[in-house]
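Participant: just coords:
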């Protein structure tokens, strides 16, 4: 059985997230349908992880298995020709039969974009935030996130995972050309985690709350202890490492 890996970019605005759901458009469904049209066989498209409704991706990874030997260059061209314009297959390659996009991932990273200026060109892909942003202060606060912690307070109550421990490797803020960028990398992410962390850090900075405030949120293990989640449109799955 041949196994192929896809690197995918998409604008999540018009989708109810990555994972296939009944009667609503999802990215996984659009790509799966297109692959099946080209191969004329059913496939199981395995993603590295879910992205929620409205969330984008610069480097989503997925794989599928087929009995066919595929010319990846031609197939990528054909696939991009029939999937919607807000989804793009950036790269396709043959991988070992045992490769699994989700279970083999070592880490995943997300970026969140905040626009300091109201711009029609940033509207779909960033959160317009009119208040002052101090990246140095936010980076000091973000140090409290690094390490292995129970992330219950930052995840949706409806999350399906019983294990809510995540190991955060990196979390930092920087400013570039009118955008403030928050990047976070961890071994895994729970639903709503990045958006809630981003909103909580912005709240803490605005109210001059320190690292102890964040540590207290962790210990509460209650979503109500954290701040409001920021909008989905500013969030991008950036990269998956193997």
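Facilitator: Received it, and whenever you're ready, just let me know what you need. Quantities reported herein were computed from a predicted structural model and do not represent experimental measurements.

Participant: how near is the most centrally placed residue in the chain to residue 94?
Facilitator: Central residue of the chain (Cα atoms, centre = their mean): residue 237, 3.0 Å from the mean position. Counting by Cβ to Cβ, to the nearest Å, the separation of residue 237 from residue 94 is 23 Å. No exception for glycine: its C-beta is placed from N, CA and C like everyone else's.

Participant: Show me which residues of stretch 215-223 are buried.
Facilitator: Using 16 or more other Cβ atoms under 10 Å as the test for burial, stretch 215-223 gives 217-218, 223.

Participant: Closest one of these to residue 39?
Facilitator: residue 223 (42.4 Å; Cβ to Cβ).

Participant: Residue 232 versus the closest one, what's the distance?
Facilitator: Residue 223 is 17 Å from residue 232, by Cβ to Cβ.

Participant: repeat for residue 196
Facilitator: The value you get for residue 196 to residue 232, if Cβ to Cβ is used, is 12 Å.

Participant: Which of these two has more residues huddled nearby?
Facilitator: residue 196 (23 against 19; other Cβ atoms under 10 Å).

Participant: Can you classify that one by secondary structure?
Facilitator: Of the three states, residue 196 takes helix under DSSP: H, G, I helix; E, B strand; the rest coil.

Participant: before we move on, what about residue 94?
Facilitator: strand.

Participant: Contacts only, for it.
Facilitator: Contacts for residue 94 (Cβ atoms under 8 Å, 6 or more residues apart in numbering) come out as 2-5, 70, 72.

Participant: Can you say which of the residues you listed are buried?
Facilitator: So, by 16+ other Cβ under 10 Å, the buried ones in the contacts of residue 94 are 3-5, 70, 72.

Participant: out of those residues, who's nearest residue 167?
Facilitator: Closest approach to residue 167 among the buried ones among the contacts of residue 94 (Cβ to Cβ): residue 5, at 24.1 Å.

Participant: Give the bridge partners for that closest one, please.
Facilitator: Taking DSSP bridges as the rule, residue 5 bridges to residue 63, residue 93.

Participant: As a check, name the ranges of all helices in the chain.
Facilitator: For the chain, the helices defined by DSSP state H occupy 27-39, 72-82, 135-142, 193-206, 211-220.

Participant: what sits up against the lowest-mean-pLDDT helix or strand in the chain?
Facilitator: Lowest by mean pLDDT, DSSP states H and E among the helices and strands of the chain is helix 211-220, with a mean of 89. Applying Cβ under 8 Å, 6+ apart, the external contacts of helix 211-220 come out as 140-141, 143-145, 149-151, 153-154, 200-201, 204, 225-226.

Participant: That'll do, ta.
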